[in-house]
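**Student:** 3D, please:
(2 chains)
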Amino acid sequence: MNATEITDQIRNSANTLNIEKWDYGASFTNDYSVQVDRGNAKQLKASQKQVITLRVWNRNNLVGITTTSDVSEKGIKKALEQAYIASEFGNKNEFTDFSPLAKDPIQAKEVDKKNPLGIKKLLNILREAESKLIESHEAIKSVPYNGLSESFYERIYANSAGAFRNHSKSQAALYLYARAEEKDKKPRSAGSVKLGYGVEDIDIESCIKDASNKTIAHLDYSSIKTNKYLICLSPEAFLTMINAFSSIFNARSIIDGVSLSNKNSIGDLISIPALNIYDDGLNDKNISSAPFDGEGTPTKKLSIINKGILKNFIHSESTAKIFNTTPTGHAGLGSKVSVSPDWLVIERSNECSELNSSLDHKNYEGEFVYIEELNAIHAGVKASQGSFSLPFDGWLYKNGKKCSIESATVAGDIKYLLKNIINIENKEELTTSGISPHVWINELSITGDE
Amino acid sequence: MVSSSIKSSEIRFGECNKQLLEEIIFYGLSLGADFIELFIENSDNSSVLAEEDFITSVSPSFGKGAGIRIFKDKRDGFVSTNDLSKHGLMRSVSQAIEMLDISQKSSNSIFNGLKKLKNYSERKIDWINEVPTINEVSEKLLLSTKSLKKNKKVVVRKGSYSRNWQEVIIASSDGTYATDIRLHQTVGLNIIANDAQYRSNGSRRFGSHGIPNEFRLWDHEKAAYEVYESSMNMLYADYVQAGQMPVVLANKFGGVIFHEACGHLLETTQIERGTTPFSDKLNEKIAHESVTAIDEGLSEGSFGSLSVDDEGMEPEKSILIKDGILKKFISDRAGELRTGHKRTGSGRRQNYSFAAASRMRNTYIAKGKYSKDELISSISDGLYCKSMGGGSVGATGQFNFAVEEGYLIKNGKLTKPVKGATLIGDAKEVMPKISMCGNDLELAPGFCGSVSGSVNVTVGQPHIKVESITVGGR
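**Tutor:** Next up is the predicted model:
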């Protein structure tokens, strides 16, 4: 069934069941992926997946929801019936409605959908990439984590008031995670991920080079003394940190009491004035962009922090209603509508006179810790308390020389971090999760093996 | 339930599919496959969320799908689909064959048809009707969040319940033919306490497998008290000072460290990848002689237990480490094929969209001879980790785990609570440092995410003492 047929099917079944108000989100995905192991195909995978999430409103305007992978007539009818039963238990304190923007025009990026290359070609490309990565340095013995995938999917949102949106696209991903070993030393590993609309868009050579350079750079390692250090966060690491604490600007988290902000926090100075943060899901560089969210609200660019001041929260329909504003296009249709950022863009504002511009990760000769990548975010971040304690991959720079850090964690507090940024470098870099420059923090605690 | 007279061009749960399954298997072998396995699933899940004194979400979900895996030599191709018609399944088989680039349309395998059905679901048919209704669940969850409301410092109270019911059919070209029903129920409590600039969290999860009545018997007041007490103890805690120190890890969920840091390294998937330091250490000492570690799928009601694994093999009890000596790896079909380690009934997957892989089930360190007090009194300056949070293990075996509830040990006594602690190390170095095991083994349910998705597991241990480990802090 195509999007129109499914919508008609739901409408007909809803009529039969006397359900007047409903909406649904659906995704239909075809995925192809390969993994290799020292030249041999390891696992080849293909999947066809369909998921529909249906919401219905009962006569008391309470909402029930059901998710199913059964899109047959029978399956859809069962899903509507179950959602109706669930609506008896709908949240009486927070009335959900259709997004008022669900029929507004959307800005879909004009991107050609790519044709599938097929498993055989994917396999050959990945074999060659693995081989090149292993050959790039004698210490690289294997690429234990690797994969090349292409996905083709369609997303749909429609409701009983006549809103109807669909969007289809293709996406490809390559990841190479190498492992290097030298005699009498611990194995070291690092990797690289590249995305594209199709495999032909992926810069495979650059992925190999990045994975190789990163892995080799960590071969000469030593432990670090536990202490407080001047810190430079890579663009990836700073974006990881901001995403991990996105509850600060998430209206759902505020309502649920798990945010450091409250309803009156708009207008508060929460970082140094030199920091701007936008959420820009439609950014040209965002491969994963979607023109509308789970409730059909158009995606848009939103200022989150401007010159250090919290400007906007991200919203779903129901949180926007509570805050007396409009939805921002950040809703995910689920048992409880979730809210999450799309794609963050971080930049230096024009109020940057107090920054220490001499801090440049390529030239600074004083001692500092460069944090390339933060790990174990799910375990080491307490977003509701504002604290973090995270393992990282990085280097200790001293007198212009760098040495990989064997094993360490960085700990601190997000409020402290945002107020103790001492430089935001000029050059913004593109990552898979957004755009950011390198960001310097005055002092954070590092725990090492010494 | 099963009648061999029923013929259908679509998989039907609760009916006989033998002829159709055999036809599909024959089809795969005729195209040149060495081995073909079908995993077909019907699921019916629901979840309920209570926040403060209200039910804020009730969410049912259901679905069907099939995962088809084909082996040729040591390679495998996996296709998943929601189309359970004969045409859909055969198309998936063709796709897997094409992916493997099998040009020789003959197979060395001899398929003598499926064996007699092993019907593990027979006694479980009524489970789905015996689980608590949404009304019952809602009422009890609201009682539990009410029990958390002990003073004004408690600012967030949540209770959540989820029930996952899964009916599976497993058939493969070695004749394996089995059906099973699995029922997992979990309930979790979360709290946030706040006083001026101080904030703390508390959480606990409880879970069972195969006991429809379990949630009705759950002692919500005891659970709420545990969560509340933990949160209050940590509310005014100072940050721990980083450094190397001896630690005592509590029983139950303390076992998550063994699971993550060592257990995963004993799965054959890690041998295949070359990412375990233990691959050539069978029958060698890898841990302190006080350590015996077990992985099994048999404990009745435990969250990681199963009647049959997702490849049709009954689970066994595997002694992984005996008195510090590595005795066995956790293996699935692909693991046996590629590494030579015999299958242990550990081929597991989240659902039909994942190929099975060697995964842990109920994994724990066996009990020793010491009391908890003996462990703590043996330390003059260290840390007691009463409750562990999540953690991760890197590709080179380094792990880190957050300590949710920790207390300093001074001169053999527990003193003040501390927060912000992280345990850092690597399995190869830490396993020999587990010098004392307590006599109070207890298990705890959890979810483990890995190559074949998120599966239900049990972790466990008695109280254990680690002689020295890096504690991250401020």
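
**Student:** Now do the same contact list for residue 97.
**Tutor:** Here I'm looking at chain A. The contact partners of A:Asp97, by Cβ atoms under 8 Å, 6 or more residues apart in numbering or on different chains, come to A:317-318, A:321. Placement of C-beta: from N, CA and C, glycine included.

**Student:** oops, chain B please
**Tutor:** B:28, B:31-33, B:70, B:77.

**Student:** Of all the helix elements in the chain, which one is longest?
**Tutor:** Since you didn't name a chain, this refers to chain A. In chain A, with assignment by DSSP state H, the single longest helix is helix A:119-135.

**Student:** Switch to chain B, please.
**Tutor:** helix B:220-235.

**Student:** which residues are contacting it?
**Tutor:** For helix B:220-235, the external contacting residues (Cβ under 8 Å, 6+ apart) are B:140, B:143-144, B:147-148, B:150, B:153-154, B:187, B:189-193, B:195, B:198-204, B:206, B:386-387, B:404-405, B:417, B:419.

**Student:** so the closest residue to B:Lys386 other than its chain neighbours, which of the three states?
**Tutor:** Leaving out its chain neighbours, the residue that sits closest to B:Lys386 by Cβ to Cβ, 6 or more residues apart in numbering or on different chains is B:Glu405, at 4.4 Å. Here B:Glu405 is recorded as strand under DSSP: H, G, I helix; E, B strand; the rest coil.

**Student:** circling back to that earlier point, could you redo the contacts of A:Asp97 as TSV and give each row distance to A:Asp449?
**Tutor:** Listed next are the contacts of A:Asp97 as TSV, based on distance: Cβ to Cβ, whole Å:
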residue	distance to A:Asp449
A:Glu317	50
A:Ser318	48
A:Lys321	52
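
**Student:** Quick check: buried residues in the longest helix of chain B?
**Tutor:** Neighbour counts using 16 or more other Cβ atoms under 10 Å in any protein chain shown place B:220, B:223-224, B:227-228, B:230-235 of helix B:220-235 among the buried residues.

**Student:** before we move on, back to that, selection in PyMOL covering whichever of the contacts of helix B:220-235 are buried, please.
**Tutor:** Buried members of these, defined by 16+ other Cβ under 10 Å, are picked up in PyMOL with:
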select buried, chain B and resi 140+144+147+148+150+153+154+187+189+190+191+192+193+199+200+201+202+203+204+206+386+387+404+405+417+419
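
**Student:** Where strands are concerned, which of the contacts of helix B:220-235 count?
**Tutor:** Under the assignment DSSP state E, these contribute B:154, B:187, B:189-193, B:195, B:198-204, B:206, B:386-387, B:404-405, B:417, B:419 to strands.

**Student:** Using PDB, write out the CA atom coordinates for the longest helix of chain A.
**Tutor:** Taking C-alpha atoms only, helix A:119-135 is exported to PDB below (Å, rounded to 0.1, in the frame of the first residue of the first chain):
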ATOM      1  CA  ILE A 119      24.600  -5.800  -1.600                       C
ATOM      2  CA  LYS A 120      27.300  -7.000  -4.000                       C
ATOM      3  CA  LYS A 121      28.600  -3.500  -4.700                       C
ATOM      4  CA  LEU A 122      28.300  -2.500  -1.100                       C
ATOM      5  CA  LEU A 123      30.400  -5.500  -0.200                       C
ATOM      6  CA  ASN A 124      33.100  -4.700  -2.700                       C
ATOM      7  CA  ILE A 125      33.300  -1.100  -1.600                       C
ATOM      8  CA  LEU A 126      33.600  -2.100   2.000                       C
ATOM      9  CA  ARG A 127      36.100  -4.900   1.400                       C
ATOM     10  CA  GLU A 128      38.300  -2.400  -0.400                       C
ATOM     11  CA  ALA A 129      38.000   0.200   2.300                       C
ATOM     12  CA  GLU A 130      38.800  -2.300   5.000                       C
ATOM     13  CA  SER A 131      41.900  -3.500   3.000                       C
ATOM     14  CA  LYS A 132      43.100   0.100   2.500                       C
ATOM     15  CA  LEU A 133      42.700   0.900   6.200                       C
ATOM     16  CA  ILE A 134      44.600  -2.200   7.300                       C
ATOM     17  CA  GLU A 135      47.400  -1.500   4.800                       C
END
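
**Student:** now whichever helix or strand comes after that helix, how far from the centre of its chain.
**Tutor:** The C-terminal neighbour of helix A:119-135 among helices and strands, as given by DSSP states H and E, is strand A:140-159. Offset of strand A:140-159 from its chain centre (Cα atoms, centre = their mean, to the nearest Å): 14 Å.

**Student:** What strands flank strand A:140-159, and is each parallel or antiparallel?
**Tutor:** Strand pairing for strand A:140-159, determined by DSSP bridges: strand A:21-37 (antiparallel), strand A:164-180 (antiparallel).

**Student:** Can you give me the buried ones in it?
**Tutor:** Buried residues in strand A:140-159, counted by 16+ other Cβ under 10 Å: A:140-152, A:154-159.

**Student:** State the mean pLDDT of that strand.
**Tutor:** Strand A:140-159 carries an average pLDDT of 95.

**Student:** Quick one: mean pLDDT for the helix or strand encompassing A:Val410?
**Tutor:** Using DSSP H and E, A:Val410 sits in strand A:409-413. Strand A:409-413 comes out with an average pLDDT of 94.

**Student:** hang on, the earlier thing: any chance of the buried residues of helix B:220-235 in JSON lines, with distance to A:Ser353 and pLDDT too?
**Tutor:** Below are the buried residues of helix B:220-235 laid out as JSON lines (distance: Cβ to Cβ, whole Å; pLDDT from 0 to 100):
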{"residue": "B:His220", "distance to A:Ser353": "57", "pLDDT": "96"}
{"residue": "B:Ala223", "distance to A:Ser353": "55", "pLDDT": "96"}
{"residue": "B:Ala224", "distance to A:Ser353": "53", "pLDDT": "97"}
{"residue": "B:Val227", "distance to A:Ser353": "49", "pLDDT": "96"}
{"residue": "B:Tyr228", "distance to A:Ser353": "49", "pLDDT": "96"}
{"residue": "B:Ser230", "distance to A:Ser353": "47", "pLDDT": "95"}
{"residue": "B:Ser231", "distance to A:Ser353": "44", "pLDDT": "96"}
{"residue": "B:Met232", "distance to A:Ser353": "46", "pLDDT": "96"}
{"residue": "B:Asn233", "distance to A:Ser353": "46", "pLDDT": "95"}
{"residue": "B:Met234", "distance to A:Ser353": "42", "pLDDT": "96"}
{"residue": "B:Leu235", "distance to A:Ser353": "41", "pLDDT": "96"}
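
**Student:** farthest pair in those?
**Tutor:** Within the buried residues of helix B:220-235, B:His220 and B:Leu235 form the most distant pair, 22.3 Å apart (Cβ to Cβ).

**Student:** So, low pLDDT: which residues of chain B?
**Tutor:** Under the criterion pLDDT under 70, the flagged ranges of chain B are B:1-8, B:107.

**Student:** Tell me how far B:Gly368 lies from chain A.
**Tutor:** 27 Å (Cβ to the nearest Cβ, to the nearest Å).

**Student:** Enumerate every residue touching that residue.
**Tutor:** Contacts of B:Gly368 (Cβ under 8 Å, 6+ apart): B:290, B:436-439, B:462, B:464.

**Student:** Buried by neighbour count, from the residues you listed: which ones?
**Tutor:** Buried among the contacts of B:Gly368 (16+ other Cβ under 10 Å): B:290, B:436-438, B:462, B:464.
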